[in-house]
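Visitor: I need the structure of the sequence given here:
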Amino acid sequence: MITESQKDQFSSIFNEFGKALDITETEYDAIVTSYRAMGTWLADNSSSLQQYDPAILPQGSFMLGTMVHPVSDDDDLDIDLVCQLKRKPSAWTQYNLKNAVGDRIKENNTYKSMLNNEGKRCWTLKYAKGKYHMDILPCFVNENYQRILEQSFSEIEQQNVDSLAIRITDKTRSDYYTEKNIENWFKSNPFGYAKWFFNIATRPSELRRSFSLSASIAPIPKFNKTKLPLQRVVQLLKRHRDIMFDGNENKPISIIVTTLAARSYQGETTIFDTLDNIVRKMPMYIEDRMGVKWVANPVNPEENFADKWQKEPKKEQNFYLWIQQLRSDLNVLIADSGQGLPKLSTTMKQMFGETLTSTVFSNFGGASKDSSSNGTLKMAATTGMLGAIGRTTVAGHNFFGNIEDE
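Guide: Below is the predicted model of the structure:
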């Protein structure tokens, strides 16, 4: 049986993994500078888009705070952005919107040289120096969208988020060149999804008081080193998946991982308890709709994030293999508690990668030795992070075993 003290130290180690997976503040600032510059280019006086009030906002894992560094140094960070336009011309089709944004990007020679490809919905720019690429999603929103967005995010409680939906293009649709009625375009709701996610992530009252929902949708959100337990666990899940599947295109996709993790979260206030609960409960939130496996979009229940599973059964098989491996690995970690950090390090290298684990345990071991020697090591109740304040004062020893064994 694992003790509360061991759970706390697991939370501390897991939090260190999350911090190591985070993008750095320098990387964060470079990304923000890049998309601000793009927003300026799209909206300045020389732009044909100016009359539509273009604005760039981050979405996806960058907005949710669940981004992780790729396993390979050769791979890019993937930054998802929305390019919002207002006042759709009545004659415009999806093709017109997509190419109006693309054409403006191409008018800048630097951006033109960085264009990597045109996706079915996005324009992708490769930033080689910063080792990231930006996927820019053109969309139309209504005139009052920013006010509605800010009003919705002014309160954490979940409300009807349909008003946050945006209308996007999809060049694979048969009506891509012909449909002028925006109500018939594909609807997406990345900000409604973010509202849903943060509403769940801040269920514990002590977390809700310390989290600013409105700051999360700022065009330039503040860099935040502290993460909520659900955010940290999503990062850990992504890393475990990436190590297990090693570039396999049939790995579980991030939107399924994030959605099932959030549905499984029950307001645990430590990272260990959050991870333990989520790993056990994720499959429970996969529906069966007349023989079709369904991971519903929480802000559009008729959209199935697992829609490819039926035609590509390997994707479904790999999801369940991954969950099975997660459970097994977590059980091994629990069984290893009390046997020393070297034993845990061996298991975690298989879970999260050798280089990352070595870095984390080196940092964790050094911090633990410095703090535990004078009895000042404490554990923050909500994040499980070791620090100078918290509810648990740790004596001058380690519950996993002797650090000197490392």
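Visitor: residue contacts, L97?
Guide: By CB atoms under 8 Å, 6 or more residues apart in numbering, L97 lies in contact with 85, 88, 138-140, 169. Where C-beta positions appear, they are placed from N, C-alpha and C, glycine not excepted.
Visitor: let's see it at 6 Å
Guide: 138, 169 (CB atoms under 6 Å, 6 or more residues apart in numbering).
Visitor: so where does it fall, helix or strand?
Guide: Per DSSP states H and E: L97 is located in helix 94-106.
Visitor: List the buried residues of the next helix or strand after that helix.
Guide: From helix 94-106 onward toward the C-terminus, using DSSP H and E, the following helix or strand is helix 109-114. By neighbour count with 16 or more other CB atoms under 10 Å, helix 109-114 contains the buried residues 111, 114.
Visitor: can you check stretch 35-49 too?
Guide: 35, 38-39, 41-43, 47, 49.
Visitor: again with stretch 182-193
Guide: Buried, per 16+ other CB under 10 Å, within stretch 182-193: 182, 185, 187-193.
Visitor: quick one on the thing from earlier: buried ones in the helix holding L97, by neighbour count?
Guide: Buried, per 16+ other CB under 10 Å, within helix 94-106: 94, 97-102, 104-105.
Visitor: OK, contacts around G192?
Guide: 161, 164, 299.
Visitor: so what's the residue nearest to it when sequence neighbours are not counted scoring on pLDDT?
Guide: Distance criterion CB to CB, 6 or more residues apart in numbering; nearest residue to G192, sequence neighbours excluded, is V161 at 3.3 Å. V161 is assigned a pLDDT of 86 by the prediction.
Visitor: okay, now V161: neighbour count?
Guide: Around V161 there are 20 other residues, counting by other CB atoms under 10 Å.
Visitor: Report the buried residues of the helix or strand where E150 lies.
Guide: Counting by DSSP H and E, the element that carries E150 is helix 145-152. By 16+ other CB under 10 Å, the buried positions in helix 145-152 come out as 145-146, 148-149, 152.
Visitor: Can you name every helix or strand that that helix contacts?
Guide: Helices and strands touching helix 145-152, by 3 or more CB pairs under 6 Å, 6 or more residues apart in numbering; DSSP states H and E: there are none.
Visitor: Please work out which residues outside it touch it.
Guide: Outside helix 145-152, the residues that reach it (CB under 6 Å, 6+ apart) are S163.
Visitor: go on, stretch 286-298?
Guide: By CB under 6 Å, 6+ apart, stretch 286-298 touches 196, 256, 303-306, 309-310.
Visitor: and if you look at stretch 232-250?
Guide: 18, 21, 66, 68, 71, 251-252, 257-258, 261, 271, 274-275, 278, 314-315, 318, 322, 351-353.
Visitor: Kindly report the same for stretch 125-142.
Guide: Outside stretch 125-142, the residues that reach it (CB under 6 Å, 6+ apart) are 30, 34, 76-77, 79-85, 88, 97-98, 101, 114, 116, 121-124, 166-168, 182.
Visitor: Can you point out the buried residues in that stretch?
Guide: 125, 127, 130-142.
Visitor: start to end distance for it?
Guide: End-to-end distance of stretch 125-142 (CA to CA, to the nearest Å): 27 Å.
Visitor: Please renumber the chain so that the first residue is 50 from this point on.
Guide: In the new count, where the first residue is 50, that last one comes out as stretch 174-191.
Visitor: quick one, strands of the stretch 250-399 of the chain?
Guide: Ranges of strands in the stretch 250-399 of the chain, per DSSP state E, counting those that start in this stretch, are 336-338, 341-343, 345-346, 349-353.
Visitor: Out of those, which one sits most buried?
Guide: Counting by mean count of other CB atoms under 10 Å, strand 345-346 has the highest mean neighbour count of those, with a mean of 18.
Visitor: Quick check: neighbours of that one in the sheet, parallel or antiparallel?
Guide: strand 349-353 (antiparallel) (DSSP bridges).
Visitor: So for the strand it pairs with, mean pLDDT?
Guide: pLDDT averaged over strand 349-353 gives 89.
Visitor: Please compute how far that strand lies from its chain's middle.
Guide: 20 Å (CA atoms, centre = their mean, to the nearest Å).
Visitor: try stretch 141-151
Guide: 28 Å.
Visitor: same deal with stretch 195-211?
Guide: The answer for stretch 195-211 is 20 Å, by CA atoms, centre = their mean.
Visitor: How about stretch 273-288?
Guide: Counting by CA atoms, centre = their mean, stretch 273-288 comes out at 8 Å from the chain centroid.
Visitor: in that stretch, what counts as buried?
Guide: For stretch 273-288, using 16+ other CB under 10 Å, the buried residues are 273, 276-288.
Visitor: Can you lay out those residues as TSV showing distance to F410?
Guide: As requested, the buried residues of stretch 273-288 are exported to TSV (distance: CB to CB, whole Å):
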residue	distance to F410
N273	25
K276	20
L277	24
P278	21
L279	24
Q280	22
R281	17
V282	19
V283	22
Q284	17
L285	15
L286	20
K287	20
R288	15
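Visitor: Quick one: which of those residues has the lowest pLDDT value?
Guide: For the buried residues of stretch 273-288, the pLDDT minimum is N273, 82.
Visitor: measure that one to R153 for me?
Guide: 32 Å (CB to CB, to the nearest Å).
Visitor: Check I292 too.
Guide: Relative to R153, and taking CB to CB, I292 is found at 40 Å.
Visitor: again, but for D102
Guide: 14 Å.
Visitor: Quick one: work out the angle between the one helix or strand L130 maps to and helix 143-155.
Guide: Using DSSP H and E, L130 maps to strand 126-134. Following axes from the mean of the first three to the mean of the last three CA atoms, to 10 degrees, one obtains 120 degrees for the angle between strand 126-134 and helix 143-155.
Visitor: What is strand 126-134 packed up against?
Guide: So strand 126-134, by 3+ CB pairs under 6 Å, 6+ apart, packs with strand 104-107, strand 181-189.
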